[in-house]
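*Asks:* Could you look at this predicted model? Sequence included:
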Protein chains: 2
Amino acid sequence: MMTELKEKLAENKTLSRVERERFIAMFKAMGNPIRYEMMEYMLKFPGCNTTNIVDHLPIAQATVSQHLKVLKESGLVSGELEGPATCYCLNDENVNWFKETVQKIF
Amino acid sequence: MMTELKEKLAENKTLSRVERERFIAMFKAMGNPIRYEMMEYMLKFPGCNTTNIVDHLPIAQATVSQHLKVLKESGLVSGELEGPATCYCLNDENVNWFKETVQKIF
DNA sequence: CTTATATATCGTAAATATACGATATATGTT
DNA sequence: AACATATATCGTATATTTACGATATATAAG
């Protein structure tokens, strides 16, 4: 019974309104060269902080922070406080959901 | 020898500058609700024309045409002349490249 | 060759995104 | 408590995107 349901869900190509919005927000978040670069950087250096990212990019700290907010809001990235700094990582669960959904939808 | 090379390429997580730009352009193209809807529509109705898409969406023909241009330029969509109309389809080759690249990169 | 149909492009207004400096907030240190 | 460090937010200028009506282009039909 449980397995059947799982299979049904796996085959279902439609997303709920909320899922769809999140899916589109993820595309939008990655559709910017700076944010794409940030994603790559976090993939390479999981747990890096804002300063690391700022040092790696040619843009101001305020702008980095703004882009991080977009990535966080899309769900692709998680930030957790570590003393006065914030450590950033890809949100594996959500990145995997994105990957699975890309395979499922198209 | 050939197999080895293929495996090496399959494992390689880096993209050329051009591939990377195309990858980002595809994210950007799909990161808009109207264009995402268009992609879904073309998936459901391959070979549909601009009029079909215009009738399906709440926006003007000129705007649809503009969005189609973005999708075409990203490579996700192909349009081919059929009389006075243009038939649109997902570009399977490029969509598959996108799907593979998503799996490879993240 | 005129007309009808389908699509693309142009010019432009309005909305949104991007980027920055200045400043606020929040944590750890002395 | 005062200070230093790390990050977020605010206000704002500029760039880009989105959307539209008007118009151009291109094909098929009469």
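*Replies:* On my side now, so go ahead. Numbers count the residues shown, from 1 in each chain, chains lettered A, B, ... in the order given.
*Asks:* from here on, contacts and neighbour counts on C-alpha atoms
*Replies:* Fine.
*Asks:* Show me which residues of stretch A:49-66 are buried.
*Replies:* Neighbour-count burial for stretch A:49-66 flags A:49-50, A:53-54, A:64 (criterion: 16 or more other Cα atoms under 10 Å in any protein chain shown).
*Asks:* same question, stretch A:24-40
*Replies:* Buried, per 16+ other Cα under 10 Å, within stretch A:24-40: A:24-36, A:38-40.
*Asks:* Of the residues you listed, which are in range of DNA strand C?
*Replies:* A:32, A:34 (Cα under 7 Å from any atom of the strand).
*Asks:* got the contact list for the residue most central in space within chain A?
*Replies:* Central residue of chain A (Cα atoms, centre = their mean): residue A:76, 1.1 Å from the mean position. The contact partners of residue A:76, by Cα atoms under 8 Å, 6 or more residues apart in numbering or on different chains, come to A:26, A:90-92, A:94-95.
*Asks:* circling back to that earlier point, restricted to strands, list the buried residues of stretch A:49-66.
*Replies:* residue A:49 (DSSP state E).
*Asks:* which one of the buried residues of stretch A:49-66 sits closest to DNA strand C?
*Replies:* residue A:64 (7.4 Å; Cα to the nearest atom of the strand).
*Asks:* Please report how far that closest one lies from residue A:44.
*Replies:* 17 Å (Cα to Cα, to the nearest Å).
*Asks:* likewise residue A:73?
*Replies:* From residue A:73 to residue A:44 the distance is 21 Å (Cα to Cα).
*Asks:* Residue A:33 and residue B:22 touch, don't they?
*Replies:* No: using Cα atoms under 8 Å, residue A:33 is not in contact with residue B:22, being 10.8 Å away.
*Asks:* and stretch A:94-106, which residues are buried?
*Replies:* Buried-residue list, stretch A:94-106, by 16+ other Cα under 10 Å: A:94-95, A:98-99, A:101-103.
*Asks:* Now it: average pLDDT?
*Replies:* Taken as a whole, stretch A:94-106 has an average pLDDT of 97.
*Asks:* That stretch near chain B at all?
*Replies:* Yes: judged by Cα under 8 Å from any Cα of the partner chain, stretch A:94-106 comes into contact with chain B through A:95, A:99, A:102-103, A:106.
*Asks:* Mark which of the residues you listed are part of helices, please.
*Replies:* A:95, A:99, A:102-103 (DSSP state H).
*Asks:* Residue A:93: how many residues sit nearby?
*Replies:* Residue A:93 has 12 neighbouring residues, counting by other Cα atoms under 10 Å in any protein chain shown.
*Asks:* what about it, distance to residue A:76?
*Replies:* 9 Å.
*Asks:* rewinding a little: closest to residue B:59 out of the ones in helices among the residues of stretch A:94-106 next to chain B?
*Replies:* Using Cα to Cα, residue A:102 comes nearest to residue B:59 of those, at 26.2 Å.
*Asks:* separation between the closest residue to that closest one other than its chain neighbours and DNA strand D?
*Replies:* In space, and not counting its chain neighbours, residue A:102 is closest to residue B:99: 6.6 Å by Cα to Cα, 6 or more residues apart in numbering or on different chains. According to Cα to the nearest atom of the strand, to the nearest Å, residue B:99 and DNA strand D sit 22 Å apart.
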